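K.L.:
Structure of the sequence below:
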Amino acid sequence: MSNTYRRTKIIATLGPSTDRNDVLEDLIKKGVNLVRLNFSHGEPADHEKRVLAVREVSLKLGVEVGVLADLQGPKIRIAKFEQDAVELNSGDSFTLDANMNVDAGTRQGVGIDYKELPQDVIAGDTLLLDDGRIVFTVKEVSGDKIHCEVVHGGTLSNNKGINRLGGGLSADALTDKDREDLKTAVSLGADYIAISFPRCAKDVEQAKALVKEVGSRAGIISKIERAEAITAIDEIIEASAAIMVARGDLGVEIGDAELPSIQKSIIHKCRAADKAVITATQMMETMIHNAIPTRAEVFDVANAVLDGTDAVMLSAETATGDDPARVIAAMSRICKGAERNRVSQVSRHRLECTFNDVDEAIAMATMYTANHMNIAAIIALTESGSTPLWMSRIRSGIPIYGLSRHVGSRRKMTLYRGVYPLAFDVTTLKREQVNAKAIEVLQALGIVKEGDNVILTRGDYMGVHGGTNTMKILQVGKVS
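P.N.:
Next up is the predicted model:
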């Protein structure tokens with residue numbers, strides 16, 4: 001249990017760098033909790049090979065590792081240039097042409113892959129290319145051509161993304177490619193599927209219906225990347241299993257000055273709604289090539305932890321970086337440092353609330369008791385993982401162990417802050433054996449010792465979803 005004392009989870013994107021030798025095993029040993037498959041790159045065979053490797057290493061090391069499949073979504077990009085790139089200066093005229101050949105771009109204009117873009121913009125709009133490095137003002141739209149003036153120039157190369165300042169592009173959240181990739185992700189046993197650029201809860205419900213249609217229980221993660229998603233954030237959170245604050249495109253659309261407060265607001269809203277939340281994009285980007293993070297990156301990761309994020313995510317840092325294991329070690333170190341701050345361990349979450357569900361009330365009572373007693377660990381016997389999720393919404397320094405017989409539930413719990421999944425089948429035991437056997441699992445791993453106090457939650461009817469109705473305070477060594 002190398003991750004026992006770090007509550008914030010780490011997600012590592014897989015790629016060529018993690019395919020090398022024993023890099024994947026090293027990453028998991030250093031604390032990776034979930035891996036991300038980026039369906040914007042690679043072929044299905046690449047993703048299959050990586051998932052098989054994750055499952056093999058996970059089994060070898062005896063730890064659960066979740067798999068997150070990240071769908072590409074509607075990438076609104078320019079096409080290609082004859083010479084691969086052009087140099088644009090402020091004041092230049094430039095045309096985005098939906099009818100131009102895909103590789104015929106020049107200093108005067110370039111094609112676009114999203115053919116409906118001319119219908120989505122009007123004169124006066126600001127278009128941001130290459131994550132905002134290049135800025136255009138739309139002067140006129142005529143047919144399939146968008147005539148622009150360059151406001152901020154620079155080198156513009158092939159296939160760079162296009163955003164409209166303030167959002168408003170009408171591309172569907174799920175493309176035909178996404179639908180096929182979703183099927184692939186399900187066939188690979190993905191635990192979570194992330195959808196890109198959802199605008200409203202309807203986009204999320206559509207993805208959930210597709211997952212259900214192909215017989216999967218994968219949780220849908222909504223990546224917040226569009227300005228429109230901010231206005232619909234409450235309904236998107238409600239519809240999703242988890243939220244990812246994807247700060248790249250979102251920062252381009254709403255402006256960098258707005259991004260920090262939006263990130264904090266989304267994390268707060270997710271925790272209040274009992275949903276998991278991931279903070280992503282450029283968290284340790286300089287470590288793609290550098291041996292240490294910048295102080296700004298250290299503060300960025302630490303602030304996300306202090307805000308209460310469930311997980312922090314790495315992209316190119318691990319997928320194509322020089323030393324992925326070094327990045328994981330650095331991020332883990334920063335998370336642990338932030339978690340030692342008292343702010344990270346004190347909570348008034350839902351203290352004034354009433355509860356409709358018995359199992360949720362048990363979860364809240366458990367955390368209140370644990371935070372006001374000398375408790376070494378919390379043991380939640382669970383079918384679906386819901387009780388540990390509710391517990392994890394309460395800030396605490398006390399580890400929560402989700403013991404479940406369902407591998408899918410255990411892998412889902414890899415995302416929840418402060419929750420550590422362990423295999424445990426209550427249906428193979430007599431009722432009076434369960435408590436002692438559950439404690440023995442933790443003792444065998446060196447998590448608790450004789451004389452420690454633990455809290456255990458379970459249901460009267462073992463093996464029943466939603467049946468948690470009991471909380472017990474037990475002392476290790478005195479449970480028969």
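K.L.:
okay, now the domains of this protein?
P.N.:
Structural domains assigned to the chain are 9-73+172-339, 85-164, 358-475, following automatic domain parsing.
K.L.:
Of those domains, give the one that comes closest to A79.
P.N.:
Ranking those by proximity to A79 (CB to CB) places domain 85-164 first, at 3.4 Å. Just so you know, the C-beta spots here come from the backbone N, C-alpha and C atoms, and that holds for glycine as well.
K.L.:
residues near R179, how many?
P.N.:
13 (other CB atoms under 10 Å).
K.L.:
export whichever strand or helix holds it as CSV, just CAs?
P.N.:
With elements delineated by DSSP states H and E, R179 resides in helix 176-187, which encompasses its position. As requested, C-alpha coordinates have been extracted for helix 176-187 and formatted as CSV (Å, rounded to 0.1, in the frame of the first residue of the first chain):
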residue,chain,number,x,y,z
ASP,A,176,-18.7,9.6,-35.0
LYS,A,177,-15.1,8.8,-34.0
ASP,A,178,-16.0,9.2,-30.3
ARG,A,179,-18.9,6.8,-30.6
GLU,A,180,-16.5,4.1,-32.1
ASP,A,181,-13.8,5.0,-29.5
LEU,A,182,-16.4,4.6,-26.7
LYS,A,183,-17.1,1.1,-27.9
THR,A,184,-13.4,0.3,-27.9
ALA,A,185,-13.0,1.8,-24.4
VAL,A,186,-15.8,-0.4,-23.1
SER,A,187,-14.3,-3.5,-24.7
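K.L.:
name the helices or strands packed onto it?
P.N.:
In this structure, helix 176-187 makes packing contacts with helix 44-61, strand 66-70, strand 192-195, helix 201-213, judged by 3 or more CB pairs under 8 Å, 6 or more residues apart in numbering; DSSP states H and E.
K.L.:
what's in contact with that helix?
P.N.:
The contact list for helix 176-187 (CB atoms under 8 Å, 6 or more residues apart in numbering) reads 37, 39, 44, 47, 69, 71-73, 174, 193, 195-196, 207, 210-211, 214-216, 218.
K.L.:
Which of these are buried? Put it as a ChimeraX command.
P.N.:
The ChimeraX command for the buried members of these (criterion: 16 or more other CB atoms under 10 Å) is given here:
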select :37,39,47,69,71,72,73,174,193,195,196,207,210,211,216,218
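K.L.:
Verify the contact between D120 and L169 for me.
P.N.:
Yes - at 5.0 Å, D120 and L169 qualify as touching, with contact defined as CB atoms under 8 Å.
K.L.:
of these two, who's got more company?
P.N.:
Between D120 and L169, counted using other CB under 10 Å, the more crowded position is L169 (21 against 16).
K.L.:
Would you map the strands across the stretch 101-250 of the chain?
P.N.:
In the stretch 101-250 of the chain, strands defined by DSSP state E, counting those that start in this stretch lie at 109-111, 126-129, 134-142, 145-152, 154-157, 162-164, 192-195, 219-224, 242-246, listed in chain order.
K.L.:
Identify whichever of those strands lies nearest to R405.
P.N.:
Closest to R405 of the strands of the stretch 101-250 of the chain, according to CB to CB: strand 219-224, at 18.9 Å.
K.L.:
Residues touching the closest one, excluding its own?
P.N.:
Contact with strand 219-224 is made by 68, 70, 73, 191-198, 203-204, 207-208, 211, 229-230, 233, 236-237, 239-246, 250, 266, 278, 280, 412, as judged by CB under 8 Å, 6+ apart.
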